[in-house]
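Q: Here is a sequence with its predicted model. Questions after.
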Amino acid sequence: MNNNKYIIFDFDGTIANSIELALNIYNRIAPDYKCKPIHEEFRDLLSSKNPKQYFKEYGITTLKLFLLVFRIRKELGKHVADIKPVNNIVQTIYELKVAGYKLGIITSNSSKNVRKFLENNNLSDVFDFVHSASNLFGKDKVFRRLFKRNDISVENSLYIGDETRDIEASKKSGIPVIAVSWGLTRRQILETLHPDQIAGEPKELMACVQNIFNNRAQNNS
């Protein structure tokens, strides 16, 4: 039985400061797919409780979403060297690793892009796995497959992400979730979905992680 404690991160917006670049790429390529661009005043639509409801308004069908994600991944790969980590996240990641936690990444970005980013920022040896999944709105299924394959228990894991779908997927899977407010989604929206913890900056993550694992241990004693 694997008794290691796992901290699993989202990538874009949580570790990598890549949201603006991804949106700029989308706005540049949107006309190629007859989709509407997303201007600054409509950013909150992306981070709303149910962003899928706005896809029709922007002309994004399921097929177009798949094509857009593939194209954005490819374009991001050309600019990996320009993508910077979120301020202070690298130090926090090292602190979590030194504290004995196993670290992983689940992302809708490509594993190639993520590994390039990790190499550029001296993080290649810090993460135990990087898992890429193209299913944007089925992260709970991704969790279940990954956990089964790696013998990771729900009781010994938590997830860290910056979007409403991260919270929803974690709750469906029974995994505690720390929502971070420095990415795509504003704190006020994150709060409405009641994550286990909310972090406003990376240095708060250690305390959030310890609170979750300590509370779980007390509840199981």
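A: That came through, no problem. Numbering: from 1, shown residues only.

Q: Can you list the residue ranges for strands in this protein?
A: Here the chain has its strands, by DSSP state E, at 6-9, 102-107, 129-132, 157-161, 177-180, 197-199.

Q: Can I get the ones you listed in a markdown table including mean neighbour count, distance to Glu119 and mean pLDDT?
A: In this view, the C-beta of every residue, glycine as well, is placed from N, C-alpha and C. Below are the strands of the chain laid out as a markdown table (neighbours: other Cβ atoms under 10 Å; distance: least, Cβ to Cβ, whole Å; pLDDT from 0 to 100):
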| stretch | mean neighbour count | distance to Glu119 | mean pLDDT |
| --- | --- | --- | --- |
| strand 6-9 | 24 | 16 | 96 |
| strand 102-107 | 21 | 13 | 94 |
| strand 129-132 | 18 | 11 | 91 |
| strand 157-161 | 26 | 21 | 96 |
| strand 177-180 | 28 | 23 | 97 |
| strand 197-199 | 20 | 26 | 97 |
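
Q: contacting residues for Ser181?
A: Shown in contact with Ser181 (Cβ atoms under 8 Å, 6 or more residues apart in numbering): 162, 187, 190, 198-200.

Q: mind giving me the domain split of this protein?
A: 6-17+85-220, 19-81 (automatic domain parsing).

Q: ranking the ones you listed by burial, who's on top?
A: Mean neighbours per residue, mean count of other Cβ atoms under 10 Å, is largest over the domains of the chain for domain 6-17+85-220, with a mean of 18.

Q: I'd like the distance from stretch 174-188 to the chain centre, please.
A: Centre-to-centre, stretch 174-188 and its host chain are 9 Å apart (Cα atoms, centre = their mean, to the nearest Å).

Q: same thing with stretch 97-111?
A: 10 Å.

Q: Check the separation of the first and last residues in that stretch.
A: Length of stretch 97-111, first residue to last, Cα to Cα, to the nearest Å: 20 Å.

Q: Could you pull up the contacting residues of the nearest residue to Ile89 once chain neighbours are set aside?
A: Spatial nearest neighbour of Ile89, excluding adjacent residues (Cβ to Cβ, 6 or more residues apart in numbering): Pro202 at 4.5 Å. Going by Cβ under 8 Å, 6+ apart, Pro202 touches 86-89, 91-92, 180, 182.

Q: What of Thr14?
A: 86, 89, 160-162, 180, 183.

Q: Local confidence estimate at the nearest residue to it once chain neighbours are set aside?
A: Distance criterion Cβ to Cβ, 6+ apart; nearest residue to Thr14, sequence neighbours excluded, is Asp162 at 4.8 Å. For Asp162, the pLDDT comes out at 92.

Q: Tabulate the strands of the chain (TSV), appending distance to Arg145.
A: Shown next, in TSV, are the strands of the chain (distance: least, Cβ to Cβ, whole Å):
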stretch	distance to Arg145
strand 6-9	13
strand 102-107	10
strand 129-132	9
strand 157-161	14
strand 177-180	18
strand 197-199	25
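
Q: And those strands: which comes nearest Ile167?
A: The minimum distance between Ile167 and the strands of the chain falls on strand 177-180, with 5.3 Å, by Cβ to Cβ.

Q: Run through who's touching that closest one.
A: By Cβ under 8 Å, 6+ apart, strand 177-180 touches 13-14, 158-162, 166-167, 170-171, 185, 190, 193, 195-200, 202, 205, 208-209, 212.

Q: Among the residues you listed, which ones are in helices?
A: 166-167, 170-171, 190, 205, 208-209, 212 (DSSP state H).
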